[in-house]
Structures are given as structure tokens and as C-alpha cells.
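**Student:** the following block contains a protein sequence and its predicted model.
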Amino acid sequence: MCGIIGFAGRVEAAPILLEGLSRMEYRGYDSAGIAVRSDNWGLQAKKAKGRLEALYGLTHGGADLDGPLGIGHTRWATHGEPNDCNAHPHISEDGRIALVHNGIIENYLEIKENLLRKGIRFTSDTDTEVVVQLLGYHYQQCGSMLEAVGRVLRRIEGSYAFGIICSDYPNALIAARKDSPLILGYGENGNFIASDVTAILKYTRDVSYMEDGEIAVVTAESVDVFDQELTPLDKKRCRVDWDVSAAEKGGYPHFMFKEILEQPEAVRKTVSPRVQNGRVALDGFSMTAEEVRNLSRIYIVACGSAYHVGVVCKYIWERLLRRPVEVCLASEFRYSAPLVDRNSLVIIISQSGETLDSMAALREAKRLGGRTLAVVNVVGSSIAREADSVIYTWAGPEIAVATTKAYSTQLVLMDLIGLYLGDLLGTVPGGEYEAILKGLAELPDKMRACLDQIQEMQYLGSRYFNHDSVFFIGRNLDYAMGLEASLKLKEISYIHSEAYASGELKHGTISLIEEGTLVVALGTHAALFDKAMSNVVEVKARGAEVLALTTERYRERMEKIADAAIVVPDTHPILQPSLGVIPLQLFAYYVALQRGCDIDKPRNLAKSVTVE
Ligand code: F6R
């Protein structure tokens with residue numbers, strides 16, 4: 001979490017830093033700060049608790065801080081509550097060095113005690129301040145910033161992306177990274193560092209990705225990168241082809257709403273280039289039939305919504321591949337002694353490609369000798385670069401903290417990968433391969449039909465927004481879809497919500513159903529529709545208010561029994577979750593809107609979870 005940015009240029013830095021931070025606020029938004037160096041004033045820093053608007057106000061849009069060199073930070077608190085003191089940048093005791101940090105310094109307490117013994121005073125509760133004070137200490141000893149940075153990096157443990165400026169260095173900022181993302185940007189009026197490409201897209205599309213252990217010295221004219229022994233390195237430049245407008249709201253009230261609406265097109269972009277002459281053609285990943293046959297295990301590993309994609313896939317892939325598929329939470333994977341060996345395929349799904357737990361799972365899988373495949377949205381992200389192979393979801397930038405289009409593109413891409421593997425094994429049931437591809441081709445139009453129900457969803461949002469507790473129930477793929485629908489609702493509306501496999505209700509949870517409890521009953525899975533109906537009857541008999549989701553085929557039957565019904569088009573059964581999830585995203589959106597929640601930036605959350 002947290003976003004950092006730095007600029008060394010020929011124009012005023014502060015407005016550029018603020019603009020960049022505004023693009024990264026999704027990474028953390030409990031406080032923000034910038035530090036700028038000028039010949040007249042030396043180092044000047046301003047920080048403000050709360051949203052970035054507070055910092056904009058405090059600095060009059062950056063006008064109060066002049067100078068062409070600076071760093072900025074938007075925070076998601078880990079060590080120390082969100083307040084002005086704990087906000088970054090942190091400044092060395094002698095006031096000469098300012099530093100911003102994304103990550104966690106694990107041995108900070110021990111270093112802090114040493115520094116306290118040397119008489120250095122601290123002003124915050126953060127792990128980060130320890131780094132800047134240690135840097136100040138070494139700089140005083142050796143007189144060279146680069147040397148001092150090297151010494152600090154050898155002493156600290158944990159994850160970091162740093163941006164550093166020093167009052168004695170009028171033109172240069174220093175950056176370093178380990179296990180937290182950091183890119184270098186090459187602009188016309190100066191050069192950048194940033195946690196995320198969207199922060200600098202307005203100024204440049206030419207970037208390099210910093211690797212673990214690298215240190216960069218960035219000036220207006222040059223970007224020099226070194227390894228930890230300060231040996232110069234040659235960095236490859238890449239061109240980012242994301243559309244700037246894709247990272248802007250463009251008149252929509254919220255990014256989440258815009259991204260929900262973008263789903264048909266995102267799904268089309270992800271699927272259509274990968275179906276050629278009626279066959280799945282995956283870029284960047286291939287296996288032989290023998291390799292697939294020899295697979296001892298298939299793991300799908302991810303967090304949050306990406307994990308929910310894995311749960312849907314388990315049902316689908318086991319049907320297409322006739323093989324066991326294990327879905328694991330990335331945060332559990334590496335502590336569970338996974339049975340990965342050289343014949344295992346480990347698939348990591350991640351929108352950001354930076355989620356720390358997913359990254360750690362990937363490394364564990366590699367350490368155990370497994371073959372790894374990343375399904376990632378952000379091009380050039382750490383997971384994408386470290387996995388043996390990567391296939392990108394082409395969802396474009398996703399800014400809202402609650403994922404929508406990344407989830408949908410992950411789902412269809414995993415459908416394609418499942419078909420590809422099943423085809424190699426010869427296990428896809430007769431006619432299914434073609435039927436699923438046909439269904440995938442029709443999906444964008446059917447998704448548009450789901451989006452046509454915006455008014456109905458708005459109405460349902462206002463009808464049900466004041467419930468305190470919601471249960472999503474369903475079986476099989478409906479259950480898997482319910483996990484995601486429930487997460488969407490709880491994360492943005494703060495309503496307590498649970499997803500239950502309907503059959504489990506009577507093993508305990510049904511005792512929570514009372515007069516008026518809202519149950520969202522998912523009944524889109526044709527093979528189990530009758531059972532879904534029985535569960536609706538069961539909860540209604542106990543007083544539940546039932547909002548049902550079904551398909552056109554079952555509209556009449558469902559409408560007779562549920563209190564309200566959402567209806568989506570029919571499609572191939574394994575693709576049904578790709579349609580069902582859309583009205584449920586809208587439902588969560590409108591409920592949150594009615595409750596006055598901050599939809600794009602829900603409390604306590606951040607988009608990119610780069611801490612454990
Ligand atoms: C929920 C959500 C999160 C992410 C999870 C993984 O709306 O967005 O649950 O799915 O944090 O993030 P990525 O996909 O970036 O690894």
C-alpha cells in the first residue's frame with residue numbers, strides 16, 4: 001500500500017507531485033505529504049492527515065512550495081495512526097534529508113533503539129522514520145548520499161520503495177526498491193519515480209521497471225541505475241500503451257461505476273484476440289499435452305476477489321480437465337507446506353501484480369520447483385515479471401478499490417486457460433469446447449444487457465440499503481459467485497454480509513435468519529435450480545426477505561416466490577457467473593451510494609496490498 005512519487009525536472013515539482021498522488025490515492029488515502037527542494041528555501045515539506053484535498057488546500061495546489069525537485073507520498077497506515085506526524089515525507093533530524101517509503105521495515109525497532117542511544121530524536125511512530133534517521137547518521141559519517149543509502153540498505157530488513165532528496169543535492173533524487181513496486185519514468189521536462197505508472201501517464205509513457213536491490217539516481221537530464229555494489233546497470237525502457245483517459249473518471253460519478261460499465265469491452269479485449277480459427281491461442285504460455293498429462297497438481301493462488309475467481313474456476317476446471325484443482329488463499333499458501341513439485345502448475349491471479357501475499361506464494365512455488373503462471377492486469381508488475389509465464393487480462397487501469405472489471409477479465413481468461421488445458425488433455429466433454437467459445441464471444445453483448453438494468457438496480461439499492469446483515473446463498477457456481485457479490489457489498493457499503501453454500505445453511509447459519517433478514521438467493525445454475533428454489537422456500541418460511549438472481553429461463557418460477565428478482569440472460573452454464581456478478585456489483589454500488597459511503601475509497605482499504 002502507499003503510493004510514492006518523485007520528480008527531478010526543469011519545472012515546478014509540487015503541482016506535478018500532487019497530480020501524480022491524485023492518481024495513486026487508491027493505494028492509500030489516510031494522509032499525504034510532499035517535500036520539495038529549492039535553492040532559496042532548501043527542503044520544505046508539507047503533510048496533511050486525511051484525503052489529498054487537505055494537502056492541496058494546505059499548499060494552495062502546490063504553489064506554496066517552489067523548486068524543481070521533490071518527492072510525495074499518499075499513505076495507508078501500518079505503523080502509527082494516520083496523523084500529520086506519521087505522514088510522509090519523514091525528515092532527518094538535521095533537516096537535510098527527506099524520504100518517502102512504501103513497504104515495511106521489519107527490524108525498525110532494533111535500529112531505532114540504537115539510534116535513540118546515539119541521541120537521535122524521533123517525531124513519529126513509523127518504521128519509515130528510522131530509515132531517514134539512519135540515513136542522516138550515515139550521511140554525516142561518510143559525506144556521500146549514495147554511499148549512505150548503500151549502508152542503510154545493507155542494514156534494513158523488509159520491503160521498500162524509497163524516494164529520497166537531500167538539501168545538499170540540488171538536482172538529484174535517489175530511489176531504491178525491494179519487494180515494493182517502483183518505476184522510472186522518462187519525461188520531457190524531467191524524470192520520475194513512481195509506485196504506479198498511472199501516476200505519471202500524463203507526462204510520459206516511457207518507463208523502466210526497477211528490480212529488487214537496485215538504486216537509481218534521477219536528475220532532470222538522466223536516470224542512472226546501480227546494483228547494491230553501485231555498479232552501473234543498463235535499464236531496458238518500455239512504452240506503456242494505456243490510454244490516459246482510461247485512468248480518469250470522464251464525467252462518471254465514481255470510478256467503480258465507470259469500471260462496471262467498461263466490463264463488456266474489457267472482456268471482449270481479453271477474449272477475442274485469444275480465439276483464432278475456433279481455437280484458444282494463448283500468448284506467452286504454452287504446454288505440451290504430455291506436460292499437462294504429467295501435472296501432479298494444479299494450484300490457483302490469489303487474494304480477495306482474485307481468489308474468488310479461483311473458486312469459480314475450481315468448479316469449471318475440474319469439469320473440463322477431470323483433474324483436482326486446488327484453490328488457495330495466497331496468505332495461507334506458503335505457511336501450509338504446499339505439495340508443489342516440478343510437475344505442479346501454480347497459477348497466481350492478481351490485478352495489481354504487486355500483492356505481497358500473492359508474490360510470496362509465487363516465490364514459494366518457484367522455490368519448490370513448480371511451474372508458475374501469472375494472470376495479471378498491470379503490465380510489467382512484479383508478479384508478471386517473476387512468474388515463469390504471464391498472460392495479461394486486458395482490463396486497462398482499474399482505479400476503484402473494489403475490483404469489478406479486473407475480476408470479470410480474470411474470470412474469462414481463466415475460462416480460456418481451462419479450455420486450453422482441457423483440450424490438450426482431451427477431457428473437454430463433446431461439443432463443450434465450441435459451445436463455451438461461442439458463449440464467450442456472445443458474452444460482451446449479454447453483459448451489456450445486464451447493464452441495461454441500471455434503473456432496476458438503483459431501485460433495489462434504495463429498497464434494501466438499510467439492512468444490517470445480508471446472506472448470499474447459492475450452490476456450486478452460484479455459491480462461488482456469491483462470495484464475490486458478498487465481498488463487493490460489504491467492502492463498499494460496510495453492511496455485514498456472508499456468502500453461504502445453500503446446503504450448509506441448515507448446519508448452523510439458518511439460526512440467524514429472522515423476520516426481515518435479507519437473503520440474496522442465487523439461482524442461475526441450471527443443474528441445481530430446483531434445489532435453489534427449495535432453499536428460497538426454507539428461508540422465506542423463517543421470515544427472510546428474498547432478493548433472487550436468476551436467468552430468463554427461470555424468471556417466472558422465481559418471480560412467483562421471491563420478494564424481488566433480478567434476471568440475467570441465459571448463457572453457457574460455466575459462463576453464467578460472468579453475467580450474474582454484474583447486477584450484483586451494481587446492487588452493491590447503489591446500496592453504498594444510498595448509505596453515503598465513499599465508494600471508490602472505502603474505509604481501511606487500499607487497492608494494492610503490498611504488506612502482509
Ligand atoms: C476486492 C478487491 C481485493 C483484491 C485483492 C487482490 O474488491 O479488489 O479483494 O481482489 O486485494 O488484489 P490483486 O488482484 O491486485 O492481487
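**Tutor:** Thanks, I have the structure now.
**Student:** could you pull up phi and psi at the residue in the stretch 501-612 of the chain positioned nearest to the ligand?
**Tutor:** Proximity to the ligand, evaluated over the stretch 501-612 of the chain using C-beta to the nearest ligand atom, is greatest for residue 609 at 4.9 Å. For the C-beta atoms, the positions are set from N, CA and C on the backbone; glycine is no exception. As for residue 609, its main-chain torsions (degrees, to the nearest 10) stand at phi -100, psi 90.
**Student:** residues contacting the closest residue to it other than its chain neighbours?
**Tutor:** The shortest distance from residue 609 to any residue other than its chain neighbours is 5.2 Å, reached at residue 355 (C-beta to C-beta, 6 or more residues apart in numbering). The neighbours of residue 355, taking C-beta atoms under 8 Å, 6 or more residues apart in numbering as the test, are 303, 306, 330, 383, 608-610.
**Student:** doesn't residue 357 make contact with the residue of the stretch 501-612 of the chain closest to the ligand?
**Tutor:** Yes: proximity of residue 609 to residue 357 meets the contact threshold set by C-beta atoms under 8 Å, at 7.4 Å.
**Student:** can you tell me how far the residue nearest to residue 609 sits from residue 383?
**Tutor:** In this view, residue 355 and residue 383 are 7 Å apart by C-beta to C-beta, to the nearest Å.
**Student:** and for residue 338?
**Tutor:** Between residue 338 and residue 383 the computed distance is 17 Å (C-beta to C-beta).
**Student:** the more surrounded of these two?
**Tutor:** With neighbours defined as other C-beta atoms under 10 Å, residue 338 and residue 383 compare such that residue 383 has more, 25 against 21.
**Student:** which other helices and strands contact the strand or helix carrying residue 177?
**Tutor:** Following DSSP states H and E, the helix or strand that holds residue 177 is strand 173-178. Using 3 or more C-beta pairs under 8 Å, 6 or more residues apart in numbering; DSSP states H and E as the contact test, the elements touching strand 173-178 are strand 3-9, strand 69-75, helix 145-155, strand 158-166, strand 215-218.
**Student:** which other helices and strands contact the last one?
**Tutor:** Helices and strands touching strand 215-218, by 3+ C-beta pairs under 8 Å, 6+ apart, are helix 145-155, strand 173-178, strand 190-194, strand 223-226.
**Student:** same question for the first one.
**Tutor:** Packing contacts for strand 3-9, counted by 3+ C-beta pairs under 8 Å, 6+ apart, involve helix 13-24, strand 69-75, strand 97-105, strand 158-166, strand 173-178, strand 190-194.
**Student:** 6 Å instead, please
**Tutor:** Using 3 or more C-beta pairs under 6 Å, 6 or more residues apart in numbering; DSSP states H and E as the contact test, the elements touching strand 3-9 are helix 13-24, strand 69-75, strand 158-166, strand 190-194.
**Student:** which positions in the protein make contact with the ligand?
**Tutor:** If contacts are counted using C-beta under 6 Å from any ligand atom, the residues of the chain sitting beside the ligand are 303-306, 350-352, 355, 358, 402-403, 487, 491, 609.
**Student:** that older thread, out of the helices and strands packed on strand 173-178, which is closest to residue 293?
**Tutor:** With distances scored as C-beta to C-beta, the stretch of the helices and strands packed on strand 173-178 nearest to residue 293 is strand 158-166 (38.8 Å).
**Student:** contacts for the closest one?
**Tutor:** With contact meaning C-beta atoms under 6 Å, 6 or more residues apart in numbering, strand 158-166 is reached by 4, 6, 37, 69, 71, 96-106, 145, 173-180, 182, 193.
**Student:** measure the residue in the chain that the ligand sits nearest to to residue 606 for me?
**Tutor:** Among all residues of the chain, residue 304 sits closest to the ligand, at 1.8 Å; criterion: C-beta to the nearest ligand atom. In this view, residue 304 and residue 606 are 12 Å apart by C-beta to C-beta.
**Student:** now do residue 291
**Tutor:** Here the distance between residue 291 and residue 606 works out to 38 Å (C-beta to C-beta).
**Student:** higher neighbour count, the two?
**Tutor:** Between residue 291 and residue 606, counting by other C-beta under 10 Å, residue 606 is the more crowded of the two (23 against 14).
**Student:** what secondary structure does that one sit in?
**Tutor:** For residue 606, the reduced secondary structure class is coil; criterion used: DSSP: H, G, I helix; E, B strand; the rest coil.
**Student:** quick one: pLDDT of residue 23?
**Tutor:** For residue 23, the pLDDT comes out at 89.
**Student:** who are the contact partners of it?
**Tutor:** So residue 23 contacts 198-199 (C-beta under 6 Å, 6+ apart).
**Student:** that older thread, relative to residue 398, which of the helices and strands packed on strand 173-178 is closest?
**Tutor:** Nearest to residue 398 among the helices and strands packed on strand 173-178 is strand 3-9; the distance by C-beta to C-beta comes to 14.8 Å.
**Student:** listing partners with orientation, what would you give for the closest one?
**Tutor:** For strand 3-9, the paired strands and their directions (DSSP bridges) are strand 69-75 (antiparallel), strand 190-194 (antiparallel).
**Student:** now, of the ones you listed, which is deepest in the fold?
**Tutor:** Mean neighbour counts were compared across the strands paired with strand 3-9 using mean count of other C-beta atoms under 10 Å; the top stretch is strand 69-75, at a mean of 31.
**Student:** could you give the angle of that strand to strand 173-178?
**Tutor:** Note on geometry: by axes from the mean of the first three to the mean of the last three C-alpha atoms, to 10 degrees, strand 69-75 and strand 173-178 are set 40 degrees apart in direction.
**Student:** ok, residue 249 - contacts?
**Tutor:** Applying C-beta under 6 Å, 6+ apart to residue 249 gives the contacts residue 255.
**Student:** swap that for residue 225, please
**Tutor:** For residue 225, the contact set (C-beta under 6 Å, 6+ apart) comprises 214, 216, 233, 235.
**Student:** in these, find the pair that's most separated.
**Tutor:** Pairwise distances among the contacts of residue 225 were taken by C-beta to C-beta; the largest, 9.3 Å, belongs to 216 and 233.
**Student:** more neighbours, the two?
**Tutor:** Under the criterion of other C-beta under 10 Å, the comparison of residue 216 against residue 233 puts residue 216 first, with 24 against 14.
**Student:** bridging residues for the more buried one?
**Tutor:** Taking DSSP bridges as the rule, residue 216 bridges to residue 175, residue 225.
**Student:** contacting residues for residue 399?
**Tutor:** Taking C-beta under 6 Å, 6+ apart as the criterion, residue 399 is in contact with 26, 255.
**Student:** again, only this time at 7 Å
**Tutor:** Going by C-beta atoms under 7 Å, 6 or more residues apart in numbering, residue 399 touches 26, 247, 255.
**Student:** one more: residue 283?
**Tutor:** Applying C-beta under 7 Å, 6+ apart to residue 283 gives the contacts residue 391.
**Student:** before we move on, what about residue 612?
**Tutor:** When the contact criterion is C-beta under 7 Å, 6+ apart, the partners of residue 612 are 356-357.
**Student:** just the pLDDT for it.
**Tutor:** According to the model's per-residue confidence, residue 612 sits at a pLDDT of 73.
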